[in-house]
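A.B. asks: Give me coordinates for this.
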Amino acid sequence: MKLHLTAIAIVVVAATTSNAFVVPSASITSATHSHSSSSSFLKMKMKMNATETSFATATENLLTPAPEPEDRSSPRSFWDTNAKSLFDSVDVDKSGNIDMQELKQVASELFQDSVRDKEDLIRLARDMDTNKDGVIDFNEFKQRWLSNQEQANTSKGARRRVITSDDVMQVEKYFLKAKESEGLSPMKEELSYDDIQTVIDVSRPYYALENEGTVKIGDETIGFVADVSQEMPFPHEDGKLGFSEITRHMAIAGSVAAALRNPKKSTHYYLALNGLMRRNEVPPSSICDGIEEIIPFAGKPRIFAYSTHFNKRESTSEIFLFTGETHGDGDVVRMNVSYKVIAATLYSRFFPKVKGIDKSLLGPWTPEKSNPYTEAIDIPISDEVFDRDSIVYNAKIPKVCPSKCYGHFDSSPCLPVAFLIGHFVEAGMQSVDLLRKKNGIANKPLLIAKHGFLDAANLVQAGTYGLNLKGMTKCIDMDKGVYKFTFDAFADEDGNNGEKIAYFAVTFAETECEDLAPSYD
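C.D. replies: As a prediction, the model looks like this:
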């Protein structure tokens, strides 16, 4: 099975989503079509320069595409990457082709909009068999499968809707209406962990949200709220949470918001493969005031998430994380995440159980087992090459052990994207130390993530393979301590680079540095 991670802007988030995130320029430029010209004029407090910038203006800055390097290619889409696994699961007799009987068994599951009766099935088989040899080969299957996914995503794709200001303005209308109407205050309706487990398959210990609830205004469900606690080590970073943990909790909260919008209230998998994160983009005050009212500050960061787009295959959520008692205190992190939505019955076709895995390492997790998300990440870098203000290097993630994925899909575990991001960040921080020493700077200031972008095409399934990482760290401003990390991740095939799994980019800076404009190159 192939994996892809592509870049989010910071660049991650993730990307989350595209997870890491070469920035696919198509996903940036396409978003401009959904960006309303009425970008009027939500004010955000940009704490770094103590001035106010309109929310819409900040969004427009994000929409400015950067040139894509000639030597950088985006990973394939999730549906493309996994088409062979899906085909193999349908080809029961392993003949290399799909016959009518095999197609019949899965037609209603895979092509539900096309097949309602026997005549539809015959028509589907005839259309797919383009060379008219009586069977469906892989290329014929793949062509129809990818076409179906494009048609299902009627809004041009959740991946392409990552960046927009329209959605937050729509949510603002609900809060303004509640503020102006008597007896229509926003309310929190408790949502238990057990209830959440009926609609998503992310469980403890990876799932670590607390005090969860739905946001209700009248009869309308607006979104999802929760508290979070710091758990993952972040020795090189400043703030209340490290970048990896921020993306972890926010992506999970966004998946719950998507599940609340899903009309099918059964277990689905929400794969956070594309994401964009920006620090200190504050939502309209009506939203902030409403969240502070329904989930009072208890000394922990708070999250508010809502679904901005949903169809049967893809979904997008916008998430805000507040670290302070009010939105004027602490940090505010904004993240947009795109998900691939997969029903539980279909998930095993994409990620079949890996043979030879020690079943004692599979979930469900219990407190007697180790919690990988409380342990420091160890990922040495090597083969460093310096060039004035930059350094390139390599790193490796060994074949993923199920014990490193607890809570991230018990039956067929996959490396959580946020945990992968943690490996990127740790490798990047080591490179900063080397780069500073090379330039005669001995101190090691704490850094804080400003912008992040991720674009992934797949998840790394436990027990399959490891990853080869090629990283570059560039010093944008040595005096102010601004550094940009970029990574390409490849499947490790016997020590060689296999298919490209991901691109990730993120900008870190010293805490006192002014906010930076997002960078996409």
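A.B. asks: Tell me, how many residues neighbour residue 203?
C.D. replies: Look at residue 203: counted by other Cβ atoms under 10 Å, it has 18 neighbours. In this view, the C-beta of every residue, glycine as well, is placed from N, C-alpha and C.
A.B. asks: Find the residue closest to it in space, skipping its chain neighbours.
C.D. replies: residue 407 (4.7 Å; Cβ to Cβ, 6 or more residues apart in numbering).
A.B. asks: Could you find the closest non-adjacent residue to residue 185?
C.D. replies: Using Cβ to Cβ, 6+ apart, the nearest residue to residue 185 is residue 178, at 5.8 Å.
A.B. asks: What ranges in this protein fall below the confidence cut-off?
C.D. replies: 1-75, 150-166, 512-521 (pLDDT under 70).
A.B. asks: From residue 252, how far out is the residue nearest to residue 203?
C.D. replies: Separation of residue 407 from residue 252 (Cβ to Cβ, to the nearest Å): 10 Å.
A.B. asks: now swap in residue 120 and tell me
C.D. replies: From residue 120 across to residue 252, the span is 38 Å (Cβ to Cβ).
A.B. asks: neighbour count winner among those two?
C.D. replies: residue 252 (29 against 15).
A.B. asks: What strand or helix carries that one?
C.D. replies: helix 243-261 (DSSP states H and E).
A.B. asks: and the angle from the very next helix or strand once past that helix to helix 243-261?
C.D. replies: As assigned by DSSP H and E, the chain's next helix or strand after helix 243-261 is strand 268-279. Inter-element angle recorded for strand 268-279 and helix 243-261: 130 degrees (by axes from the mean of the first three to the mean of the last three Cα atoms, to 10 degrees).
A.B. asks: Okay, buried residues for strand 268-279 please.
C.D. replies: 268, 269, 270, 271, 272, 273, 274, 275, 276, 277, 278, 279 (16 or more other Cβ atoms under 10 Å).
A.B. asks: what's the answer for stretch 94-102, then?
C.D. replies: 97, 98, 102.
A.B. asks: just the helices in the stretch 301-450 of the chain please.
C.D. replies: Using DSSP state H, counting those that start in this stretch, the helices of the stretch 301-450 of the chain run over 344-350, 417-438.
A.B. asks: hey, which of the ones you listed is tucked in deepest?
C.D. replies: helix 417-438 (a mean of 23; mean count of other Cβ atoms under 10 Å).
A.B. asks: Just the angle for that helix relative to helix 243-261, thanks.
C.D. replies: Using the same axes, to 10 degrees: helix 417-438 against helix 243-261 is 160 degrees.
A.B. asks: Tell me the helices and strands packed up against helix 417-438.
C.D. replies: Packing partners of helix 417-438 (3 or more Cβ pairs under 8 Å, 6 or more residues apart in numbering; DSSP states H and E): helix 243-261, strand 268-279, strand 381-387, strand 390-397, strand 447-456, strand 467-477, strand 482-493, strand 496-510.
A.B. asks: Quick check: neighbours shared by residue 407 and residue 252?
C.D. replies: Here residue 407 and residue 252 share the contacting residues 202, 206, 207, scored by Cβ atoms under 8 Å, 6 or more residues apart in numbering.
A.B. asks: what about the last one, how many neighbours?
C.D. replies: Residue 207 is surrounded by 21 other residues when neighbours are defined as other Cβ under 10 Å.
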